[in-house]
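Asker: Let me see the structure of the following:
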Amino acid sequence: MVKTAVDLCLMEDTMPEFDKKSHKKLPKAVIMMVEKNNLVMAIKTLAQEENISLEVAKARVDAYEAALQDQQELSLAKIANRQGIPTELIDQSSTLDEQNNKGGTLVKDYVKSDQDSGFNSLKNGLNRQLHDMDYKKPLLPYWVKRVAVLLIIMAGLFFILWRVFG
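Answerer: I've put the predicted structure just below:
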């Protein structure tokens with residue numbers, strides 16, 4: 001586990017200014033900057049707005065970023081569990097740079113070979129949902145009925161006009 005600046009500061013007690021004031025919630029503007037990965041601007045804005053040092057602001061932003069990343073990983077794991085994807089296949093900790101340094105090129109570790117791809121997958125999923133809802137497909141689709149009615153009307157009009165003008 002990677003330790004954040006807040007954890008390091010709490011363990012070493014190197015930051016005497018770390019009190020209840022620094023534990024309060026970040027301003028919305030700073031939160032938006034952190035979520036958009038504009039960390040330098042977020043740290044400067046937080047330090048200026050709350051009149052604290054850049055080190056304390058950096059520690060708070062790092063702590064918020066770590067909490068945000070943990071929350072995103074939790075929600076990703078929940079979604080993966082709902083979809084039936086094992087959680088060990090989801091690896092958010094390695095970044096693009098780390099993957100490039102390992103092997104030089106990116107290699108896809110997981111390929112779903114047991115499932116159809118593209119349209120067949122979509123069709124199977126839709127059929128499974130319809131089956132779960134106990135929906136029974138009609139014998140003739142709706143569009144076939146509509147086309148048949150139009151053809152019958154056109155044939156009737158043709159026959160009537162042929163008798164009148166023929």
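Asker: how close does residue 74 sit to residue 141?
Answerer: 43 Å (CB to CB, to the nearest Å). All C-beta spots, glycine's among them, are computed from the backbone N, C-alpha and C.
Asker: in this protein, what spans have low per-residue confidence?
Answerer: 1-24, 87, 89-117 (pLDDT under 70).
Asker: longest helix in it, by residue count?
Answerer: helix 54-83 (DSSP state H).
Asker: Flag every buried residue along that one.
Answerer: Neighbour-count burial for helix 54-83, with 16 or more other CB atoms under 10 Å as criterion, is recorded at 55-66.
Asker: Any chance of those in a markdown table with distance to residue 133 as columns?
Answerer: Compiled in a markdown table, the buried residues of helix 54-83 are given as follows (distance: CB to CB, whole Å):
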| residue | distance to residue 133 |
| --- | --- |
| 55 | 58 |
| 56 | 55 |
| 57 | 53 |
| 58 | 52 |
| 59 | 52 |
| 60 | 49 |
| 61 | 47 |
| 62 | 47 |
| 63 | 46 |
| 64 | 43 |
| 65 | 42 |
| 66 | 42 |
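Asker: From those, pick the one nearest residue 159.
Answerer: Nearest to residue 159, judged by CB to CB, of the buried residues of helix 54-83 is residue 65 at 76.3 Å.
Asker: Give me the phi and psi for residue 140.
Answerer: For residue 140, the backbone dihedrals (degrees, to the nearest 10) come out as phi -110, psi 130.
Asker: And it, how close does it get to residue 30?
Answerer: Taken as CB to CB, the span from residue 140 to residue 30 is 61 Å.
Asker: Repeat that for residue 162.
Answerer: Residue 162 is 79 Å from residue 30, by CB to CB.
Asker: more neighbours, those two?
Answerer: Neighbours per residue, other CB atoms under 10 Å: of residue 162 and residue 30, the larger number sits with residue 30, 25 against 9.
Asker: Do you have the helices of this protein handy? List them.
Answerer: Using DSSP H, helices in the chain cover 5-12, 20-23, 28-35, 39-50, 54-83, 96-103, 119-132, 142-165.
Asker: So residue 50 is in contact with residue 57, correct?
Answerer: Yes. Assessed by CB atoms under 8 Å, residue 50 is found in contact with residue 57 at 7.5 Å.
Asker: before we move on, back to that, and the angle for the longest helix of the chain with helix 39-50?
Answerer: Calculated by axes from the mean of the first three to the mean of the last three CA atoms, to 10 degrees, helix 54-83 forms an angle of 120 degrees with helix 39-50.
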